[in-house]
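S.K.: No sequence on hand, only this structure:
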């Protein structure tokens, strides 16, 4: 099964380094050259020529449909509550791809570098026509590699780096977690809550930060709490039922009044609900089978729509090339 | 994508019909001819010759590894609690197949006949080397078709028809639900329970009947309840939390004492537990994330082992060709 690796193709980062500019500047030269000073543009264009960087030329169009197969990474077995979301997405994609005459090929990867090696192997073997990537993260090297390789792909998850969100070569669909969390927070405030806590994750993550931002915006615009009061209601723990419970217990013990808790996941919501009981509303995220079984409110990602948009972006080359869908609150 | 169907190959059933014997007899002629009377054997051998039935000859060995790809059906999105089991199995298979240099190709099917059409299409296109089928059922036409087509396959789920369980051409791995349920029922009896109810499904299903049988055997061997008393504790409802709860509520209302409830699924266990509260032990089946999150006891299928055995049977042609693995009780 081992094949010799292809020579590495030059990337946007290589061009930026060679020209002594940022990736954003390279992107601007490619997509909006008017906004770049002429001498900077000249440097970037020379670097592109010297390195042989090809932004579009090598793109193999999916329209050739060589294998009618789309590659998707499947992660190892998880026993967690939230793993159900990507599984449900996979079901939706497989079903809708089948209706279009495409099949799904699964691969696994131990990390981003290993995944790039897998992508290369699948492309070299002409096993797939394109990819649907999930779980994008800050400075994701996979998308850069795919763009440089001229490969067709779409991501479920926006590019969390700031500089290429509108890059026409990066098609993505995502769910607006910030809007979803802001919306349920506003609903709780409208129902009379004032001290709405947010229980999220400590690590910097695109999705995690985005959800917390939605909560903070809703509280701030309401204007009943000052910045320090809001900060006191912002909790951060790893995604675990017991840690979620501990965190809320500690908040209560510190004397802070809590009217409601909005969480970054159903796992954390379950933890919070065990401490708070029925009187205090708790809202999770992802509307997993666990939330449904327990009668927990949650924020539901429209996974059928995400699957449909991802396939449309990948196979139909549809416009616009980026789609931010709205989640739906599920009150129970 | 449409291809003309291959001419239908003769099956064991065709041979049995032509010879006027049972499928078991045909199987015996092929695998243990000594046990068949000479004139019956003669009739079967003539039918085999007349129909051109080929039990082994057309088998394409996986050893040729034409595509290094294994096909698995993925069902539509389910929001249920138990769907997690086949998803976890898929994760385990994909990961272990990858370690062996194989990839997983997903397909979907609207029913058994549609699935057979899909199997044929994938084989004709040389897209896959073999299949892992899940969710076997009584008189499953898929396995018969695959045997007749000489295709490599293994099933997660035994052949529930009685006559071909040991057929060497049908490799399968399954989990002994009867043993698992009998074992947890005995544990409950050992802890002092007498009236252990069983909450299962009404429809005849291999797995469902098997689990109920394990419960009945454990109660019968203990000898404290008569057949009528045991029957009064045997409940049947569709797989739903609310129907499970209703059924247990009705049992209690009828005046039957209940010390514990063993269930055919975590869904039913969740329903039972909402009625009974903490004092009465409830045991589910499948050890789903919902059972873990709620602290419900359950019976866990060893899915990593199932995946490993399935791949070993499919790729290594290992012996024995059937594996019945034991589930593990998870007490909480």
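M.R.: Done, it's in. Since the structure is predicted, the reported quantities are computational estimates derived from the model, not experimental observations.
S.K.: Let me know the pLDDT of residue A:195.
M.R.: The model reports residue A:195 with a pLDDT of 97.
S.K.: could you give the mean pLDDT of the helix or strand containing residue A:271?
M.R.: Counting by DSSP states H and E, the element that carries residue A:271 is helix A:266-276. On average, the pLDDT along helix A:266-276 is 94.
S.K.: neighbouring contacts of it?
M.R.: Residues from elsewhere that reach helix A:266-276 (Cβ atoms under 8 Å, 6 or more residues apart in numbering or on different chains): A:80-82, A:199-200, A:237, A:239-249, A:252, A:258, A:261, A:263, A:282-288, A:290-291, A:294, A:296, A:298, B:293. Glycine gets a C-beta too; all of them are placed from N, C-alpha and C.
S.K.: what's the spacing between it and its chain's center?
M.R.: Computed by Cα atoms, centre = their mean, to the nearest Å, the chain-centroid distance of helix A:266-276 equals 24 Å.
S.K.: now swap in stretch A:306-315 and tell me
M.R.: 15 Å.
S.K.: Repeat that for stretch A:304-321.
M.R.: The answer for stretch A:304-321 is 16 Å, by Cα atoms, centre = their mean.
S.K.: now swap in stretch A:230-239 and tell me
M.R.: Its chain's C-alpha centre and that of stretch A:230-239 lie 21 Å apart, by Cα atoms, centre = their mean.
S.K.: Quickly check: that stretch near chain B or not.
M.R.: No: Stretch A:230-239 does not reach chain B (Cβ under 8 Å from any Cβ of the partner chain); its nearest approach is 12.7 Å.
S.K.: how about that stretch: buried residues?
M.R.: Burial within stretch A:230-239, assessed by neighbour count using 16 or more other Cβ atoms under 10 Å in any protein chain shown, is assigned to A:230, A:232-233, A:235, A:237, A:239.
S.K.: low-scoring stretches of the stretch 101-250 of chain A, by residue?
M.R.: Confidence mapping of the stretch 101-250 of chain A against pLDDT under 70 gives the ranges A:161-165.
S.K.: Residue A:139 - how many residues pack around it?
M.R.: Using other Cβ atoms under 10 Å in any protein chain shown, residue A:139 is surrounded by 12 other residues.
S.K.: Kindly report the same for residue A:330.
M.R.: Look at residue A:330: counted by other Cβ under 10 Å, it has 16 neighbours.
S.K.: Hmm, it is touching residue A:298, no?
M.R.: Yes: if you go by Cβ atoms under 8 Å, residue A:330 and residue A:298 touch, sitting 5.2 Å apart.
S.K.: Give the residues shared as contacts by those two.
M.R.: Shared contacts of residue A:330 and residue A:298 (Cβ under 8 Å, 6+ apart): A:287, A:291.
S.K.: Enumerate every residue touching the nearest residue to residue A:20 once chain neighbours are set aside.
M.R.: Take residue A:20 and drop its neighbours on the chain: the residue closest to it by Cβ to Cβ, 6 or more residues apart in numbering or on different chains is residue A:43, 7.0 Å away. Residues in contact with residue A:43 (Cβ under 8 Å, 6+ apart) are A:19-21.
S.K.: any chance of the residues you listed in a markdown table, with distance to residue A:113, pLDDT and neighbour count too?
M.R.: Formatted as a markdown table, the contacts of residue A:43 follow (distance: Cβ to Cβ, whole Å; pLDDT from 0 to 100; neighbours: other Cβ atoms under 10 Å in any protein chain shown):
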| residue | distance to residue A:113 | pLDDT | neighbour count |
| --- | --- | --- | --- |
| A:19 | 25 | 92 | 22 |
| A:20 | 26 | 90 | 11 |
| A:21 | 25 | 89 | 19 |
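S.K.: could I get the residues you listed as TSV with distance to residue B:139?
M.R.: Putting these into TSV (distance: Cβ to Cβ, whole Å) gives the following:
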residue	distance to residue B:139
A:19	69
A:20	72
A:21	69
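S.K.: what about residue A:76, distance to residue A:105?
M.R.: Distance, residue A:76 to residue A:105, using Cβ to Cβ, to the nearest Å: 17 Å.
S.K.: ignore the last one, residue A:223
M.R.: Residue A:223 is 52 Å from residue A:105, by Cβ to Cβ.
S.K.: Tell me which of the two has more neighbours.
M.R.: residue A:105 (20 against 7).
S.K.: Any idea how far the helix or strand where residue A:47 lies is from the middle of the chain?
M.R.: Under the criterion DSSP H and E, the helix or strand holding residue A:47 is helix A:38-51. Its chain's C-alpha centre and that of helix A:38-51 lie 32 Å apart, by Cα atoms, centre = their mean.
S.K.: Tell me the first helix or strand C-terminal of it.
M.R.: Counting by DSSP H and E, the element after helix A:38-51 in chain order, helix or strand, is strand A:69-73.
S.K.: Can you name the residues in contact with the following helix or strand past that next one?
M.R.: Proceeding C-terminally, strand A:69-73 gives way to helix A:83-99 as the next helix or strand, assigned by DSSP H and E. By Cβ under 8 Å, 6+ apart, the list of residues contacting helix A:83-99 from outside reads A:70, A:72, A:74-75, A:103-104, A:132, A:134-135, A:156, A:286, A:288-289, A:301, A:303-304, A:306-308, A:310-311, B:74-79, B:83-84, B:87, B:106-108, B:289.
S.K.: do stretch A:133-147 as well
M.R.: With Cβ under 8 Å, 6+ apart, stretch A:133-147 has contacts from A:9, A:11-13, A:55, A:72-73, A:86, A:89, A:112-113, A:115-116, A:119, A:131, A:153-161, A:167, A:169-170, A:172, A:204-206.
S.K.: Just give me the neighbour total for residue A:23.
M.R.: When neighbours are counted by other Cβ under 10 Å, residue A:23 registers 19.
S.K.: now swap in residue A:135 and tell me
M.R.: Counted with other Cβ under 10 Å, the neighbours of residue A:135 add up to 15.
S.K.: residues contacting the most centrally placed residue in chain A?
M.R.: By Cα atoms, centre = their mean, chain A has its centre lying nearest to residue A:157, at 2.7 Å. Residue A:157 makes contacts with A:133-137, A:172, A:174, A:206-207, as judged by Cβ under 8 Å, 6+ apart.
S.K.: Kindly report the same for residue A:46.
M.R.: Listed by Cβ under 8 Å, 6+ apart, the contact set of residue A:46 reads residue A:19.
S.K.: same deal with residue A:156?
M.R.: Counting by Cβ under 8 Å, 6+ apart, residue A:156 makes contact with A:89, A:132-136, A:172-174, A:306, A:310.
S.K.: List only those of those residues flagged as buried.
M.R.: Buried members of the contacts of residue A:156, counted by 16+ other Cβ under 10 Å: A:89, A:132-134, A:136, A:172-174, A:306, A:310.
S.K.: picking up where we left off before, turn the contacts of residue A:43 into JSON lines, columns for secondary structure.
M.R.: Compiled in JSON lines, the contacts of residue A:43 are given as follows (DSSP: H, G, I helix; E, B strand; the rest coil):
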{"residue": "A:19", "secondary structure": "helix"}
{"residue": "A:20", "secondary structure": "coil"}
{"residue": "A:21", "secondary structure": "coil"}
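S.K.: Can you name the residues of the stretch 151-300 of chain A that neighbour chain B?
M.R.: By the rule Cβ under 8 Å from any Cβ, the part of the stretch 151-300 of chain A lying against chain B is A:241, A:270, A:288-290, A:292-294.
S.K.: Please consider this matter closed, and thank you.
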